[in-house]
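>>> Predicted coordinates and the sequence they were generated for:
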Amino acid sequence: MPEELLNKYRLTSMEEPTDEMLAQIMHEVAVEAKEKSKEAHRKFYEEIREMVKKNGAE
């Protein structure tokens, strides 16, 4: 599906998305959610490592 066509569609539109549009939207959301989850986990464990370092040094 052309990105231009997908970018024109709005979920608030009165028309229903095509199956192809909906699949593409869902795919993009899933990819973004996975990336954000990985980054959140990375930051979380980084903070834990820093806390362990700090508390272990005392």
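Received, thanks.

>>> tell me how far the helix or strand containing E32 is from the chain's mean position?
If you go by DSSP states H and E, E32 is part of helix 19-57. On the basis of Cα atoms, centre = their mean, to the nearest Å, helix 19-57 is displaced by 8 Å from the centre of the chain it belongs to.

>>> which of the residues in it are buried?
Within helix 19-57, the residues that qualify as buried are Q24, counting by 16 or more other Cβ atoms under 10 Å. No exception for glycine: its C-beta is placed from N, CA and C like everyone else's.

>>> likewise stretch 7-15?
Counting neighbours by 16+ other Cβ under 10 Å, one finds that the buried residues in stretch 7-15 are Y9.

>>> Quick one: mean pLDDT over it.
This predicted structure assigns stretch 7-15 an average pLDDT of 73.

>>> ok, so what distance separates A23 from L6?
In this structure, A23 and L6 are separated by 11 Å, where distance is defined by Cβ to Cβ, to the nearest Å.

>>> Oh, that last question was meant for K53, not what I typed.
For K53, the distance to L6 under the criterion Cβ to Cβ works out to 46 Å.

>>> Same check on M51?
The spacing between M51 and L6, counted by Cβ to Cβ, is 43 Å.
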